[in-house]
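# pasting the structure only:
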């Protein structure tokens, strides 16, 4: 097994938890699972064995593979899978324009899963979401959502004429607190360092998250966390326990 | 100038932006500012010169100091300052119980500044908030807030009997969407990996942020971002532009 590079046909999960997520959500793409010989003490191991057995996925013990793919960390399991093309469902979307930071992207995917946004459009150029760093930061949530790349925002935009579009911008026209919707919507966020350019002011209803002038801006994953929390309020507000 | 270690009497900002924040917010603690000889092209440099001049702070060019304190990064300015003890104002507080991740802590401080929470209680054991990593991740926001360490949560708690306490917990008794307050309050968050233990269920009004069961929990900085966003709503909801 080679270290993952952009364009590889295979990628892998690093760690017991993301490997279980992979096996539970996308068993059909898993080629094999490799574990370290010390995994027997890990409480996730019975689950891995059970899932590999259920889906007839080869499970082998091979310490060198683990050491090679994860030289630094305590990693006990690796799930090797075929990368895949996916298509969005016509549900609420998150749209990331040119995300570049892999750790951030993973965190964002995890937060999306938390607030039941299961569809992510990525406008290129962008970092590679099959990189093991993204998968690890998402803690395997990547396998719970649909992701699709688009060559340009226009390509995406033309495909969903029925959506309400909310670009999040420092220059946004409306305070997020004044917005609520029950319609299908797309929450649009720019790049970590530059945000969205002014052309997005003309797309749908631009929105800002108010904050003090002591900071330039909230960071991207904070903004997305707050945006998703706000726009998914109706789904979650009546829950009596977590 | 030595590399910062826990217990050092001096720490430093790394970078032009945090150095300006230091000079603007806490000029009285600054001992000197050191810049790299290539800083002349940086658009923050005139501001640094102006502030050093205004407050009679020595400003020297010394590339080796910069290279030593920031070996990896493009860093053009360093502000050396005396670490200080601070005390909280009796205003709204954020309370972090045993925060350990310095990058997270910096991000949290920045978010606090964004939502105008200017007082942070840190319950020990905890990471060292004068470490340059924290300052850098806060982008200098550290100098805009009051921070105070407490030996135990009890020490903190007994000092603010007039506060409403909201411990954020997966087992929290109330959905955050059902809570609002105009009273002085303390938003309490646990450690990155363990959260708050069950003893906090008896403190004030415990609260949960509802999310799907596809994730175990939101991460700490996301939870704090959402908590602050929610509890500061009244301050920000009528803003018409950012």
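Sure, I can see it. Predicted model, so just to flag it, every value in this text is computed and none were measured. Numbers count the residues shown, from 1 in each chain, chains lettered A, B, ... in the order given.
# where exactly do the helices run in chain A?
Assigned helices in chain A, in chain order: A:16-25, A:45-54, A:63-69, A:102-114, A:132-137, A:153-159, A:220-231, A:233-236 (criterion: DSSP state H).
# quick one: closest of those to residue B:123.
Among the helices of chain A, helix A:220-231 comes nearest to residue B:123, with 23.0 Å by CB to CB. For glycine as for every other residue, the C-beta is placed from the backbone atoms N, C-alpha and C.
# helices or strands next to the closest one in the packing?
Packing partners of helix A:220-231 (3 or more CB pairs under 8 Å, 6 or more residues apart in numbering or on different chains; DSSP states H and E): helix A:102-114, strand A:185-189, helix B:220-231.
# which residues touch residue A:153?
Residues in contact with residue A:153 (CB atoms under 8 Å, 6 or more residues apart in numbering or on different chains) are A:95, A:97, A:123, A:188, A:203.
# can you list the helices and strands packed on helix A:220-231 in JSON lines and add distance to residue B:1, mean neighbour count and mean pLDDT?
Formatted as JSON lines, the helices and strands packed on helix A:220-231 follow (distance: least, CB to CB, whole Å; neighbours: other CB atoms under 10 Å in any protein chain shown; pLDDT from 0 to 100):
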{"stretch": "helix A:102-114", "distance to residue B:1": "31", "mean neighbour count": "24", "mean pLDDT": "97"}
{"stretch": "strand A:185-189", "distance to residue B:1": "40", "mean neighbour count": "23", "mean pLDDT": "98"}
{"stretch": "helix B:220-231", "distance to residue B:1": "31", "mean neighbour count": "24", "mean pLDDT": "97"}
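# who's the nearest residue to residue A:37 once chain neighbours are set aside bridged to?
Spatial nearest neighbour of residue A:37, chain neighbours left out: residue A:61 (5.2 Å); criterion: CB to CB, 6 or more residues apart in numbering or on different chains. Assessed by DSSP bridges, residue A:61 has beta-bridge partners residue A:35.
# tally of neighbours for residue A:61?
A total of 13 residues lie near residue A:61 under the criterion other CB atoms under 10 Å in any protein chain shown.
# how many neighbours does the closest residue to residue A:190 other than its chain neighbours have?
Among residues not flanking residue A:190 along the chain, residue A:196 sits closest, at 3.6 Å (CB to CB, 6+ apart). Each residue near residue A:196 was counted by other CB under 10 Å, and the total is 23.
# residue A:196: what's it in contact with?
Shown in contact with residue A:196 (CB under 8 Å, 6+ apart): A:97, A:167-169, A:188-190.
# quick one: name the residues of chain A near chain B.
Remark: the part of chain A in contact with chain B comprises A:107, A:110-111, A:113-116, A:139, A:141, A:144, A:170-172, A:175, A:177-178, A:208-212, A:214-216, A:218-219, A:221-222, A:225-226, A:229-230, A:233, A:236-242, using CB under 8 Å from any CB of the partner chain.
# could you redo the last one with a cut-off of 6 Å?
Counting by CB under 6 Å from any CB of the partner chain, the residues of chain A close to chain B are A:110-111, A:113-114, A:116, A:144, A:170, A:175, A:177, A:208, A:210-212, A:214-215, A:218, A:222, A:225-226, A:229, A:236-237, A:239, A:242.
# who's in contact with residue A:18?
A:135, A:139-140 (CB atoms under 6 Å, 6 or more residues apart in numbering or on different chains).
# for residue A:160, give me phi and psi.
As for residue A:160, its main-chain torsions (degrees, to the nearest 10) stand at phi -130, psi 60.
# got the contact list for the residue nearest to it when sequence neighbours are not counted?
Nearest non-adjacent residue to residue A:160, counting by CB to CB, 6+ apart: residue A:186, 6.6 Å away. Going by CB under 6 Å, 6+ apart, residue A:186 touches A:93, A:95, A:163, A:165.
# tell me the contacts of the first one?
Spelled out, it's residue A:93. Taking CB under 6 Å, 6+ apart, we find residue A:93 in contact with A:119, A:121, A:186.
# neighbours around residue A:126, how many?
Residue A:126: 16 neighbours (other CB under 10 Å).
# and for residue A:197?
Using other CB under 10 Å, residue A:197 is surrounded by 12 other residues.
# residue A:160 versus that one, what's the distance?
20 Å (CB to CB, to the nearest Å).
# tell me which of the helices and strands packed on helix A:220-231 lies nearest to residue B:156.
Between residue B:156 and those, the tightest spacing by CB to CB is seen for helix B:220-231, at 16.9 Å.
# domains in chain A, by residue range?
When chain A is parsed into structural domains using the TED database, the resulting residue ranges are A:10-82, A:93-235.
# so which of those domains is the most surrounded?
Counting by mean count of other CB atoms under 10 Å in any protein chain shown, domain A:93-235 has the highest mean neighbour count of these, with a mean of 19.
# off-centre distance for that one?
Offset of domain A:93-235 from its chain centre (CA atoms, centre = their mean, to the nearest Å): 11 Å.
# quote the end-to-end distance of that domain.
Start and end residues of domain A:93-235 are separated by 15 Å (CA to CA, to the nearest Å).
# cool, and stretch A:176-193?
21 Å.
# ok, stretch A:175-191 next?
End-to-end distance of stretch A:175-191 (CA to CA): 20 Å.
# re the thing from before, quick one: the residue nearest to residue A:37 and residue A:4, what's the gap?
Using CB to CB, we find residue A:61 at a distance of 21 Å from residue A:4.
# OK, contacts around residue A:224?
Residue A:224 is in contact with A:108, A:189, counting by CB under 6 Å, 6+ apart.
# what separation do you get for residue A:218 and residue A:209?
Taking CB to CB as the measure, residue A:218 falls 6 Å from residue A:209.
# mind listing what residue A:220 touches?
Residue A:220 neighbours (CB under 6 Å, 6+ apart): residue A:192.
# please redo it, this time with the cut-off set to 10 Å
By CB atoms under 10 Å, 6 or more residues apart in numbering or on different chains, the contact set of residue A:220 is A:96, A:99, A:101, A:104-105, A:107-108, A:168, A:189-193, A:195.
# which one of these is nearest chain B?
The closest of these to chain B turns out to be residue A:107 (CB to the nearest CB; 6.7 Å).
# wait, the closest one sits on residue A:142?
No. Contact between residue A:107 and residue A:142 fails when scored by CB atoms under 10 Å: they sit 11.3 Å apart.
# which residues do the two both contact?
When contacts are counted by CB under 10 Å, 6+ apart, residue A:107 and residue A:142 are jointly contacted by residue A:134.
# so the spatially most central residue of chain A versus chain B, what's the distance?
Note on chain A: the residue nearest the mean C-alpha position is residue A:109, at 2.4 Å, using CA atoms, centre = their mean. Distance of residue A:109 to chain B, computed by CB to the nearest CB, to the nearest Å: 10 Å.
# what sits against that residue?
A:94, A:96, A:117, A:120, A:129, A:134-135, A:137-145, A:147.
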